[in-house]
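> Quick one, what's the 3D model for this:
(one chain, ligands or ions: 1)
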Amino acid sequence: MQLSDKYSFLTNYFLKAKNTNNYSAFQSILFYGSDLQSQYDLALYIAKLLNCEKNFDEYCNCQNCRWIDSHEHPAVVTVSKVDYKTDDDTSKTVISLKQTQMVKSSLTTTSDYHRVFIFCDKGNDGEILGLNQINFQEESANALLKIIEEPPRNTTFIFLTRDKNDVLQTIQSRCMAFFVPSFELENYDYDLILDVFQDYFTFERQNVFDIAGDLFELSKENTPLKILESIQNYILCLIKKNNDNKQFVYKLIEDLKQIETAKKQVQLNINPQNVFEDLCLKIIK
Ligand SMILES: [Zn+2]
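The predicted structure follows:
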């Protein structure tokens, strides 16, 4: 499935920003969610959009788009604990101060390209992982604050992370943050909750506690986490089916964020009944 099908609510936003010369949309971007590879793909999508020599589309074959696809573009840089390091940089587990200073000094020269810096972490097999306060510590991050607040012309910073709060508040507050839902990790099984939760977006606010009660009952036969994952799968399917209905998709994405919060609460052993009530209060309006 193409990125622009899966994430049309994001790709359309950036396409429109580009077409209307709204470059403030491309200064500093924070992607968060559990699918880090898709975040990275979105970052490359943005890099191609900004550097394409032709009429950009995902299959473009121009020199710049090809370079970006093969990770050879001179101005599109991945910064991680294993990328963009000098030989004398001995740090192996973090994005070092040396690296962020190198990013900064690279900006003092002009570039014919639109520069894109993608900050992330990498696993042992090169898989994309998210930034956190261990691999991207305060000292290195602080060196960037000024330039990510007001990047030079033709420069974009993109940060990838699992949870927004995994990056320092000072970085968060200087970025436009976008939740990137995962379509990959789930099995799309949501039969469990259909009887109780189908078309929940049509439910009446006055029935919130009954609905939460039904979910709680269901969670006794399964687990609260299983019920929340089923709801999540159900919403992901709704997003796919309703891709054209921008406003509805926007609501669904907001609901997904609430599910993420509820999952965390359950993992923290908060009383599931309270979790379901809290969730239903937030998503049934
Ligand atoms: Zn191109």
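> burial of residue 16, as a residue count?
11 (other Cβ atoms under 10 Å). Backbone N, C-alpha and C define where each C-beta goes, glycine included.
> actually residue 71, not the one I wrote
Count around residue 71 with other Cβ under 10 Å applied: 11.
> helices or strands next to the helix or strand in which residue 146 is found in the packing?
Residue 146 belongs to helix 145-149 when assigned by DSSP states H and E. For helix 145-149, the packing partners by 3 or more Cβ pairs under 8 Å, 6 or more residues apart in numbering; DSSP states H and E come out as strand 155-161, helix 169-172.
> which one of those lies closest to the ion?
strand 155-161 (16.4 Å; Cβ to the ion).
> same for that closest one, what does it pack against?
Short answer (3+ Cβ pairs under 8 Å, 6+ apart): strand 155-161 packs on strand 28-32, helix 36-51, strand 115-119, helix 145-149.
> tell me the most buried of those?
Mean neighbours per residue, mean count of other Cβ atoms under 10 Å, is largest over these for strand 115-119, with a mean of 26.
> for the stretch 51-200 of the chain, what spans make up the helices?
Assigned by DSSP state H, counting those that start in this stretch, the stretch 51-200 of the chain shows helices spanning 63-69, 97-106, 138-142, 145-149, 169-172, 191-197.
> pLDDT weak spots in the chain?
By pLDDT under 70, the low-scoring segments of the chain are 184-187.
> can you list the residues of it near the ion?
52, 54, 60, 62, 65 (Cβ under 5 Å from the ion).
> wait, doesn't the second one sit right on residue 66?
No - contact between residue 54 and residue 66 fails when scored by Cβ atoms under 8 Å: they sit 11.4 Å apart.
> among the helices of the stretch 51-200 of the chain, which is nearest residue 22?
When these are compared by Cβ to Cβ, helix 145-149 sits nearest residue 22, at 17.9 Å.
> Tell me which residues are up against that closest one.
27-28, 103-104, 107, 155, 157, 170-171, 174-175 (Cβ atoms under 8 Å, 6 or more residues apart in numbering).
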